[in-house]
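Engineer: I would like the atomic coordinates for the input below:
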Amino acid sequence: MHTTFLDSFSLTVSSQSNVRNQGTLVRFGSLLGGSVDGADELQALGLDECVYKMSFENYRDLKERSFDRYRIGAQVLTGDAVNPKPPNQESMEKEAIKKGEYLEAFRAAGGYPEVDRTNRHIVAQAVVQALMRPVDSLPKEFSVLSKCETNLPSTDDWDQMFTNPGPASWPDPFTFDPEKYGFEVETAN
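Structural biologist: Residues are numbered from 1 along each chain as shown. Sure, this is the predicted structure:
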């Protein structure tokens with residue numbers, strides 16, 4: 001089905017040269033989130049809370065909720081793209097952050113990018129933001145992915161992402177300060 005759509009789209013675009021410059025293809029990662037759980041601005045926009053009750057799998061429901069609470073930032077990449085984790089990122093994180101709960105906090109804060117997943121709110125906002133702009137001010141094809149932020153991007157943020165598309169930077173775990181996220185400093189006895 002996916003290949004058939006792309007083939008048809010390509011045929012349409014190549015056979016009608018005036019159509020070629022009239023559109024933008026928006027791609028996105030695996031969809032998560034989309035409910036009202038999270039920032040106040042999601043209350044009017046989100047799907048009904050029962051979307052979290054789709055399965056008997058509590059872990060999946062928690063993962064969906066975390067996307068609405070902590071992953072409503074965006075990254076725009078040119079083309080059909082993902083933001084691969086650097087090869088040394090995992091080992092750096094384990095070396096720098098020993099406690100599991102600190103590591104979880106690090107990965108849910110500070111702009112930590114998603115490799116290939118997208119919050120439903122971000123996809124919807126990307127489409128609306130793209131429709132509000134002249135076609136020639138957008139990449140012809142772009143992928144939108146989430147990153148760990150607790151507020152939706154502003155119009156100015158979208159301006160920046162469309163003007164300078166690219167993957168979000170992977171944070172340095174050695175600069176993580178657990179106190180900023182409510183963890184008490186532990187002292188040795």
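Engineer: how long is stretch 75-87 end to end?
Structural biologist: For stretch 75-87, the first-to-last residue distance is 20 Å (C-alpha to C-alpha, to the nearest Å).
Engineer: now do that stretch: distance to the chain's middle.
Structural biologist: Offset of stretch 75-87 from its chain centre (C-alpha atoms, centre = their mean, to the nearest Å): 11 Å.
Engineer: quick one: contacts of it?
Structural biologist: 27, 29, 113-116, 126, 139, 141-147, 161-162, 165-168, 170 (C-beta atoms under 8 Å, 6 or more residues apart in numbering). The way it works is simple: take the backbone N, C-alpha and C, and place the C-beta from them, glycine included.
Engineer: can you count the residues close to Asp68?
Structural biologist: Each residue near Asp68 was counted by other C-beta atoms under 10 Å, and the total is 24.
Engineer: doesn't it lie inside a strand?
Structural biologist: No: with DSSP: H, G, I helix; E, B strand; the rest coil as the criterion, Asp68 is helix rather than part of a strand.
Engineer: residues in contact with it?
Structural biologist: Taking C-beta under 8 Å, 6+ apart, we find Asp68 in contact with 33-39, 42, 46, 119, 121.
Engineer: check Asn119 too.
Structural biologist: 31-34, 67-68, 71-72, 146.
Engineer: could you find the closest non-adjacent residue to it?
Structural biologist: Gly33 (4.2 Å; C-beta to C-beta, 6 or more residues apart in numbering).
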